[in-house]
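Student: With the input below, show me the fold.
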Amino acid sequence: MDVGSGKGSLRIGIDTGGTFTDIVSIDVSRGTMDVTKVASTPANPAVGLVQGIHEVLAKSGADTQDVGVICHGTTVATNALLQGQIEGLGLIVTEGFRNILEIARQAVPDGYGNSYFWVKPERLVPLHHVHEVGGRLNFKGEELKTLNEDSIREAARGLKKQGVGAIGVCLIV
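Tutor: Numbering: from 1, shown residues only. Next comes the predicted model:
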């Protein structure tokens, strides 16, 4: 698929799920919206994604040169995580937030009166599979500290060496 210039008037949003891939196209110059749904392709999610883009473009009478932005999200990883189907999960976090999963929320199910009996669930990612990377943004998205690409490479290499098969990324502002 040809890539647009990034200056087109179409904004495409995609959600790849386990069964279906949903695609929404908004033409900001005309104020129109087109929606389509295609079967997801778990063996290669990109196939369903590209098919969906072509279908929504055909519906809107546009082509790839009209695309300004593509935003993609997926519930596949979330569902696999919730169903316990991911083994060997690693996590890359902003420097200083290695224990973010351990700290978690302060809320206890059924209120604090139940806190004596409540057992905190096991960590989703073992601490030895959590790697920190340098860099920081403020709440406006302005860079406070430059993203340290070397620390990202080091984290990726370390997780690969540990046999991690899937990596989550959570960069805190």
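Student: For this structure, just list every one of the strands.
Tutor: Per DSSP state E, the chain carries strands over the ranges 10-16, 20-27, 32-39, 67-74, 89-94, 130-133, 136-137, 143-145, 166-170.
Student: Make TSV out of the ones you listed and add mean neighbour count, mean pLDDT and distance to residue 57.
Tutor: To be clear about C-beta, it is placed using only N, CA and C from the backbone, and glycine gets the same treatment. TSV is the format used below for the strands of the chain (neighbours: other Cβ atoms under 10 Å; pLDDT from 0 to 100; distance: least, Cβ to Cβ, whole Å):
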stretch	mean neighbour count	mean pLDDT	distance to residue 57
strand 10-16	21	94	8
strand 20-27	20	95	7
strand 32-39	15	96	9
strand 67-74	16	90	8
strand 89-94	22	91	34
strand 130-133	20	95	36
strand 136-137	16	86	33
strand 143-145	10	89	34
strand 166-170	15	85	29
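Student: export those strands to JSON lines and tack on distance to residue 83?
Tutor: Below are those laid out as JSON lines (distance: least, Cβ to Cβ, whole Å):
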{"stretch": "strand 10-16", "distance to residue 83": "16"}
{"stretch": "strand 20-27", "distance to residue 83": "18"}
{"stretch": "strand 32-39", "distance to residue 83": "20"}
{"stretch": "strand 67-74", "distance to residue 83": "15"}
{"stretch": "strand 89-94", "distance to residue 83": "13"}
{"stretch": "strand 130-133", "distance to residue 83": "21"}
{"stretch": "strand 136-137", "distance to residue 83": "32"}
{"stretch": "strand 143-145", "distance to residue 83": "36"}
{"stretch": "strand 166-170", "distance to residue 83": "13"}
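Student: Residue 166 reaches residue 91, doesn't it?
Tutor: No - look at residue 166 against residue 91 with Cβ atoms under 8 Å: they stay out of range, at 9.8 Å.
Student: What number of residues are in the vicinity of residue 64?
Tutor: 16 (other Cβ atoms under 10 Å).
Student: Excluding chain neighbours, what is closest to the most centrally placed residue in the chain?
Tutor: The centroid of the chain falls nearest to residue 73 when counting by Cα atoms, centre = their mean (5.7 Å). Using Cβ to Cβ, 6 or more residues apart in numbering and skipping residues adjacent in sequence, the residue nearest residue 73 is residue 15, 5.3 Å away.
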